[in-house]
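Engineer: no FASTA, just this:
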């Protein structure tokens, strides 16, 4: 019995320690924002890695998500003779929920794993320790450029993904389900409000922050060896995905 209680206490202490380390990392990132030097070249490079190179994946995901949503909505709404509501359902679902969440999950899988593996490898090969010997702050050199790029670029990706997702629903509705093109476009934008788009972009910025911080934390505090790098990569993707889904509910509750 004492062994079981000891194991529970050990796990609780470990969880509290990790929460504390994660909180201190966030505080250090916030403090580093206003302090020079600023590595603009590194930030620009992360714009390309996180934003531009993720665009094809996000675009394909958004297009086919909008197409499937239109197809499934038609299957269900046709039973109640409510086909005219399909356009509204597609555009609201894409801008409010599917666009930010799917883009966040795809970027977490593609970029989050890469960030965690890269930083964890630097930790294993003692490159981070070398940065200290060169009087370079790893927080500003490694973590801040990635966090800044993720927070800025993910809303851009989501905005583009929203347009492509609505286009996917339009293509299926007009060219497969024989909807009137003009009526579909009119119905799409009649009930769309600015807050619907803004809420999705706010979610995207929060998701970008979560992905970057969790991935950097997983890599920065990884264990030694190849297994440590693999575990850091896995934790980055899994924890980012879970936090994205949790924060999605909280932000939705806040806005709506």
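Structural biologist: Happy to help now that I have it. Because the structure is predicted, anything quoted here is derived from the model rather than measured. Numbers count the residues shown, from 1 in each chain.

Engineer: what segments of the stretch 151-256 of the chain are helices?
Structural biologist: Per DSSP state H, counting those that start in this stretch, the stretch 151-256 of the chain carries helices over the ranges 181-190, 194-220, 225-255.

Engineer: what packs against the second one?
Structural biologist: Yep, that's helix 194-220 we're talking about. Here helix 194-220 touches helix 2-32, helix 99-107, helix 113-124, helix 144-175, helix 225-255, going by 3 or more C-beta pairs under 8 Å, 6 or more residues apart in numbering; DSSP states H and E. Backbone N, C-alpha and C define where each C-beta goes, glycine included.

Engineer: please work out which of those is packed deepest.
Structural biologist: Across the helices and strands packed on helix 194-220, the average number of neighbours (mean count of other C-beta atoms under 10 Å) peaks for helix 99-107, which reaches a mean of 25.

Engineer: ok, and what's touching that helix?
Structural biologist: With contacts defined as C-beta atoms under 8 Å, 6 or more residues apart in numbering, helix 99-107 is touched by 50, 54, 57-58, 61-62, 65, 150, 154, 157-158, 161-162, 165, 200-201, 203-204, 207-208, 210-211, 241, 244-245, 248.

Engineer: quick one, what contacts residue 188?
Structural biologist: For residue 188, the contact set (C-beta under 8 Å, 6+ apart) comprises 87-88, 90-91, 166, 170.

Engineer: where in the stretch 1-150 of the chain is pLDDT low?
Structural biologist: In the predicted model, the stretch 1-150 of the chain carries pLDDT under 70 at residues 1-2, 82.

Engineer: just want the angle from the helix or strand in which residue 92 is found to helix 194-220.
Structural biologist: Assigned by DSSP states H and E, residue 92 falls within helix 86-93. Angle, helix 86-93 to helix 194-220, by axes from the mean of the first three to the mean of the last three C-alpha atoms, to 10 degrees: 40 degrees.
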